[in-house]
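Undergrad: below is the structure, and that's it, no one-letter string:
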């Protein structure tokens with residue numbers, strides 16, 4: 001090869017194309033994965049794959065279409081910005097086509113609109129990598145309407161394709177310079193692919209399904225095992241194989257992955273043996289990113305994303321969280337957010353990780369040993385014994401009423417629970433700011449004691465403090481909480497969470513919406529525009545779903561991020 005292409009740029013372009021293409025229970029889910037014959041087309045060593053092998057529930061598909069339609073302007077703005085920044089003629093041609101696709105979808109992201117374009121409401125799809133380049137198979141309903149859509153896209157973009165044929169498949173070819181864009185209607189699917197122009201001929205049969213790979217995901221059963229082990233249901237799941245991507249980066253790829261890189265003219269990075277060893281050690285500690293639906297119905301859906309790790313790293317992640325009372329169990333509240341960290345374990349883990357980098361990278365010229373040593377010392381300073389006694393917090397807002405004239409809270413029902421080895425010491429620090437707080441006699445059984453706030457903070461709501469075990473609670477509301485002791489000893493979610501966020505957007509809108517509307521009537525200029533923008537964003541979110549929950553936990557399999565979206569109340 002006599003020239004060099006940046007591996008990162010090729011990968012970024014491929015993932016961008018994958019993301020744009022991707023926009024358009026138990027045994028039942030496993031059977032759906034097993035029956036999805038398109039897995040016969042996916043090379044077993046693909047670096048990434050995302051598949052929906054069974055249709056989403058219709059009502060959920062309708063809601064997702066509505067969410068996608070509300071983001072139409074954002075997609076248009078993003079494409080316009082990329083067009084302005086693009087300097088490569090091939091990239092500009094691709095962006096013109098993508099812009100034309102977005103314009104054709106405008107106003108059509110409804111069941112009736114999709115039908116007019118030739119697509120089902122909740123069709124299945126598959127996206128995978130031939131090397132770093134994406135191939136997408138999207139289920140269709142009417143081949144004639146889809147071909148008419150492709151004709152209009154070409155005309156709107158001013159980018160006509162070449163009409164060609166391979167075997168029994170008619171396809172369109174777009175010239176993007178060093179890349180070729182392929183589009184074809186094949187059976188019940190629209191096929192879209194990016195291929196290297198220089199090595200297009202041997203890869204085209206694979207992309208169009210005219211030829212199967214030597215060994216596929218169907219042959220190995222790898223994807224079926226993947227979905228079963230993670231509890232994914234077939235509605236949409238996949239992974240990004242970091243080990244294979246790094247192998248490509250280092251020039252250690254084989255098969256189709258190496259073939260694609262060679263055709264692209266990508267040369268491996270020049271990496272010394274010592275740095276190569278360190279790079280492989282790091283990626284093997286976190287070899288894969290997985291994602292997928294674990295539940296989907298008309299009432300909502302749950303999804304997970306997992307940074308998978310080795311058992312050794314997973315064991316450390318399991319120990320990172322500390323049990324904050326009630327963290328992750330505040331369903332029904334208007335809003336909650338919390339954090340739980342076992343700071344000594346975090347400190348020890350970070351130091352062990354930095355120490356491993358020092359050891360594994362001792363022959364790597366890119367490792368600054370002095371800087372890493374200083375970083376280990378900084379970890380000790382930042383996570384000192386006094387701070388390490390704080391285990392986390394859980395802030396829960398049950399209700400808020402806002403004065404429409406001042407936007408200050410008229411009434412609040414909320415609590416803050418802080419977990420610490422010395423909760424009295426934590427509260428004692430507040431006494432440095434207000435001497436009255438230092439004189440409070442707080443029992444150890446969770447009995448709430450009134451906080452003297454009015455003199456220092458006249459607009460503050462009534463407040464109480466309580467202590468039980470290793471928990472400090474601050475409560476705000478019209479009267480003292482009757483269940484303070486129970487809240488301070490409530491078990492946290494299992495597994496213990498590192499982070500939790502939960503909010504009921506409709507309830508929040510109902511509580512603060514009228515006051516915001518009243519206040520906006522008195523505003524002018526930029527202040528009014530900013531307030532209106534925030535308010536419209538809240539209303540738009542409330543039109544899409546009722547409740548959103550998100551959490552992060554350290555588990556045996558790795559760092560797990562879980563999300564839950566719920567529908568239910570009428571709009």
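TA: Great, that's in hand. This is a predicted model, so every value here is computed, not measured.
Undergrad: would you list every one of the strands in the stretch 1-150 of the chain?
TA: For the stretch 1-150 of the chain, the strands defined by DSSP state E, counting those that start in this stretch cover 48-52, 125-130, 133-139.
Undergrad: hmm, I was thinking of the stretch 451-571 of the chain
TA: Taking DSSP E, counting those that start in this stretch, the strands of the stretch 451-571 of the chain run over residues 463-468, 471-476, 499-504, 547-555, 558-566.
Undergrad: looking at those strands, which is nearest to residue 492?
TA: Within the strands of the stretch 451-571 of the chain, the stretch nearest residue 492 is strand 499-504; the backing value is 9.0 Å (C-beta to C-beta). Yep, even glycine has a C-beta here, placed from its N, CA and C like the rest.
Undergrad: packing partners of the closest one?
TA: With contacts defined as 3 or more C-beta pairs under 8 Å, 6 or more residues apart in numbering; DSSP states H and E, the packing partners of strand 499-504 are strand 335-340, strand 547-555.
Undergrad: where in the stretch 351-500 of the chain is pLDDT low?
TA: Along the stretch 351-500 of the chain, the parts satisfying pLDDT under 70 run over 383-388, 406-407, 456.
Undergrad: what residue of the protein is the furthest out?
TA: Among residues of the chain, the one most distant from the C-alpha centroid is residue 439; the distance is 47.1 Å, by C-alpha atoms, centre = their mean.
Undergrad: from residue 380, how far out is residue 373?
TA: 11 Å (C-beta to C-beta, to the nearest Å).
Undergrad: in the stretch 151-300 of the chain, which spans are strands?
TA: Applying DSSP E, counting those that start in this stretch to the stretch 151-300 of the chain gives strands spanning 162-166, 169-176, 179-186, 189-196, 237-241, 288-297, 300-308.
Undergrad: any chance you could list what contacts the first one?
TA: Residues from elsewhere that reach strand 162-166 (C-beta atoms under 8 Å, 6 or more residues apart in numbering): 170, 171, 172, 173, 174, 175, 204, 205, 208, 210.
Undergrad: same thing but at 10 Å, please
TA: Counting contacts by C-beta atoms under 10 Å, 6 or more residues apart in numbering, the residues outside strand 162-166 that touch it are 170-175, 180, 182, 184, 201, 204-205, 207-208, 210-211.
Undergrad: put the buried members of these into a ChimeraX selection.
TA: The following ChimeraX line selects those of the contacts of strand 162-166 that are buried, judged by 16 or more other C-beta atoms under 10 Å:
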select :171,172,173,174,175,180,182,184,204,207,208
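Undergrad: nearest to residue 524, out of the strands of the stretch 451-571 of the chain?
TA: Of all those, it is strand 499-504 that lies closest to residue 524, at 30.3 Å by C-beta to C-beta.
Undergrad: residue contacts, residue 49?
TA: 18, 39, 42-43, 126-129, 135, 217, 222-223, 226, 237-241.
Undergrad: same thing but at 8 Å, please
TA: Counting by C-beta under 8 Å, 6+ apart, residue 49 touches 42, 126, 127, 128, 129, 217, 223, 238, 239.
Undergrad: could these be laid out in a markdown table, adding pLDDT, neighbour count and distance to residue 273?
TA: Output for the contacts of residue 49, formatted as a markdown table (pLDDT from 0 to 100; neighbours: other C-beta atoms under 10 Å; distance: C-beta to C-beta, whole Å):
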| residue | pLDDT | neighbour count | distance to residue 273 |
| --- | --- | --- | --- |
| 42 | 96 | 27 | 33 |
| 126 | 96 | 24 | 39 |
| 127 | 97 | 22 | 36 |
| 128 | 97 | 23 | 32 |
| 129 | 96 | 28 | 28 |
| 217 | 94 | 26 | 33 |
| 223 | 92 | 26 | 35 |
| 238 | 97 | 23 | 33 |
| 239 | 97 | 22 | 29 |
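Undergrad: for residue 307, what are its contacts?
TA: With contacts defined as C-beta under 8 Å, 6+ apart, residue 307 is in contact with 286, 289, 558, 559.
Undergrad: measure it to residue 291 for me?
TA: Residue 307 sits 10 Å away from residue 291 when distances are taken as C-beta to C-beta.
Undergrad: mind listing the strands for the stretch 301-450 of the chain?
TA: Counting by DSSP E, counting those that start in this stretch, the stretch 301-450 of the chain has strands at residues 335-340, 390-402, 409-420, 449-450.
Undergrad: which of those strands sits most buried?
TA: For the strands of the stretch 301-450 of the chain, the stretch with the most neighbours on average is strand 335-340, a mean of 23; neighbours defined as mean count of other C-beta atoms under 10 Å.
Undergrad: that one: how far from the chain's middle?
TA: Taking the mean C-alpha point of strand 335-340 and that of its whole chain, the gap between them comes to 18 Å (C-alpha atoms, centre = their mean, to the nearest Å).
Undergrad: what sits up against stretch 491-505?
TA: In this structure, residues lying in contact with stretch 491-505 by C-beta under 8 Å, 6+ apart are 318, 320-341, 394, 538, 541-542, 545-555.
Undergrad: buried set for stretch 103-116?
TA: In stretch 103-116, residues buried by neighbour count (16+ other C-beta under 10 Å) are 103, 104, 105, 108, 109, 114.
Undergrad: centre of the chain to it, how far?
TA: Taking C-alpha atoms, centre = their mean, the mean C-alpha location of stretch 103-116 is offset from the chain mean by 26 Å.
Undergrad: what's the answer for stretch 310-318, then?
TA: Averaged C-alpha coordinates place stretch 310-318 at 21 Å from its chain's average position (C-alpha atoms, centre = their mean).
Undergrad: swap in stretch 351-368?
TA: The chain centre lies 30 Å from the centre of stretch 351-368; the measure is C-alpha atoms, centre = their mean.
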